[in-house]
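Student: give me coordinates for this.
(one chain, ligands or ions: 1)
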Amino acid sequence: MNAAVHAEVIGASVKNVVYRVGLNALYATGLHRVMQPFVGGVGACFMLHHVRPAQSREFDPNGHLEITPEFLDATLTRVKALGLDIVSLDEAARRLRDQDFARRFAVFTLDDGYRDNVEHAWPVFARHQAPFTVYVATGLVDRASFMWWRTLEDIIGRNSQIRLPLESGEVIVDVRSLDAKAAAYGRLTAEIHAMGEDEAIAFTADLARAHGVDAMEITDRELANWIELDQMAGDPLCTIGAHTVSHPMLARLSADRARWEIEESATRLEARLGRKMAHFAYPYGYRMAASGREFDMARELGFVTAVTTRPGVIFPVHAGHMTALPRVSINGRFQLERFVDVLVSGAPFALFNRFRQLDVA
Ligand SMILES: [Zn+2]
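Tutor: Residues are numbered from 1 along each chain as shown. I've put the predicted structure just below:
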């Protein structure tokens with residue numbers, strides 16, 4: 001593997017270490033408590049993906065996207081103990097609109113529509129009587145789209161070598177060791193990010209076929225089906241939100257196609273679940289995937305709120321930017337209760353965002 005790729009992998013683990021050290025340092029010094037009145041905002045919107053019992057997988061490049069039901073339980077308990085109201089997105093939107101900030105609030109959101117949300121997360125939220133929102137990518141539920149990041153994980157995880165079709169000819173990459181797998185995953189992820197949407201999907205699909213991985217089987221196993229979603233949506237605690245059809249990086253698409261992805265997912269959810277879609281989440285949600293154009297689209301299409309994955313807590317000023325809300329990621333690699341205190345304080349985001357409350361460009 002070349003030097004640039006190595007640097008990238010080392011860079012990712014350094015970032016993890018800095019993050020962990022930063023959270024621990026804030027906690028140990030109590031600085032987060034000192035900062036909270038100034039940087040804690042009026043609420044926080046938490047972001048989760050998978051919630052399921054820990055699996056011991058050696059190669060686990062997507063481990064940050066899953067927490068255990070026990071940690072979800074501990075998080076809800078801790079958030080309540082810290083004095084936050086756990087509210088629905090509708091109620092959070094109302095508080096923002098009315099500037100009703102007598103008490104701080106927390107919103108819990110889960111992206112994509114995984115089956116484990118129904119099996120493992122829903123019972124925990126129900127036990128706490130805590131409202132939650134699940135953002136559904138309808139193409140995944142319809143088994144018409146697949147998750148390239150999970151597919152790539154299996155392509156590399158289950159093989160000892162990868163045959164890469166490059167313009168200069170086929171290149172064989174040895175991925176027997178864990179380090180080699182991590183490096184290959186980092187490199188291919190970067191390449192897929194640099195491609196156009198259709199090219200990215202075709203590339204991953206071809207690679208899966210050539211390496212004996214069934215991308216649609218992964219989707220079928222991991223994503224909820226319509227019956228399961230309909231059941232969960234029937235619980236008044238559960239809000240369903242839209243998350244596009246095929247889970248694309250919207251910013252890579254033409255305006256027409258991006259708008260179709262957003263609108264069609266809401267239309268499909270409304271038809272299947274018989275309820276109006278008022279909330280949306282941008283796939284990937286970081287700056288490269290969604291910014292001003294997409295924030296305007298979501299507002300024009302009538303969504304009350306739309307969430308990004310830009311890190312931050314919510315401030316009163318967000319009332320004017322409800323389709324560009326930041327979120328607080330509950331990262332599977334940092335499942336420690338004390339980190340919940342630090343995240344809720346807003347301190348790490350104030351430092352990260354250089355004390356800027358609003359980031360909507
Ligand atoms: Zn997603």
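Student: name the nearest residue to Phe125, sequence neighbours excluded.
Tutor: Nearest residue to Phe125 in three dimensions, chain neighbours excluded: Phe132, at 4.6 Å (Cβ to Cβ, 6 or more residues apart in numbering). For the C-beta atoms, the positions are set from N, CA and C on the backbone; glycine is no exception.
Student: what bridges to the one you found?
Tutor: When bridges are called by DSSP bridges, Phe132 pairs up with Cys238.
Student: report the contact partners of it.
Tutor: Contacts for Phe132 (Cβ atoms under 8 Å, 6 or more residues apart in numbering) come out as 108-110, 121-122, 125, 237-239.
Student: what about the ion: which of those residues touch it?
Tutor: Taking Cβ under 5 Å from the ion as the test, the ion is in contact with none of the contacts of Phe132.
Student: going by distance to Leu82, which of those residues wins?
Tutor: Phe108 (14.2 Å; Cβ to Cβ).
Student: look up how far the ion lies from the closest one.
Tutor: As for Phe108, its distance to the ion is 15 Å (criterion: Cβ to the ion, to the nearest Å).
Student: repeat for Arg176
Tutor: For Arg176, the distance to the ion equals 31 Å [Cβ to the ion].
Student: re earlier: closest to Pro61 among the contacts of Phe132?
Tutor: Minimum distance to Pro61 across the contacts of Phe132 is 20.0 Å, recorded for Leu110 (Cβ to Cβ).
Student: what about the closest residue to Met322 other than its chain neighbours, how many residues nearby?
Tutor: Closest residue to Met322 apart from its sequence neighbours, by Cβ to Cβ, 6+ apart: Thr305 at 4.9 Å. Thr305 is flanked by 25 other residues according to other Cβ atoms under 10 Å.
Student: quick one, what contacts Thr305?
Tutor: So Thr305 contacts 89, 92-93, 278-280, 322-323, 325 (Cβ under 8 Å, 6+ apart).
Student: turn the contacts of Phe132 into TSV, columns for neighbour count and pLDDT.
Tutor: Formatted as TSV, the contacts of Phe132 follow (neighbours: other Cβ atoms under 10 Å; pLDDT from 0 to 100):
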residue	neighbour count	pLDDT
Phe108	27	98
Thr109	23	98
Leu110	26	98
Ala121	23	98
Trp122	21	98
Phe125	23	98
Leu237	16	98
Cys238	21	98
Thr239	21	98
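Student: between these, which is closest to Val342?
Tutor: Nearest to Val342, judged by Cβ to Cβ, of these is Phe108 at 17.7 Å.
Student: so how far is Pro123 from the residue nearest to the closest one when sequence neighbours are not counted?
Tutor: Closest residue to Phe108 apart from its sequence neighbours, by Cβ to Cβ, 6+ apart: Phe132 at 4.4 Å. Phe132 is 11 Å from Pro123, where distance means Cβ to Cβ, to the nearest Å.
Student: go on, Tyr27?
Tutor: From Tyr27 over to Pro123 (counting by Cβ to Cβ), the distance is 30 Å.
Student: circling back: for the residue nearest to Met322, grab phi and psi.
Tutor: Dihedral angles of Thr305 (phi, psi; degrees, to the nearest 10) stand at phi -130, psi 160.
Student: next one: the one 5 residues further on
Tutor: Listed backbone geometry of Arg310 is phi -60, psi 130, with angles given as degrees, to the nearest 10.
Student: repeat for Leu188
Tutor: phi -70, psi -40.
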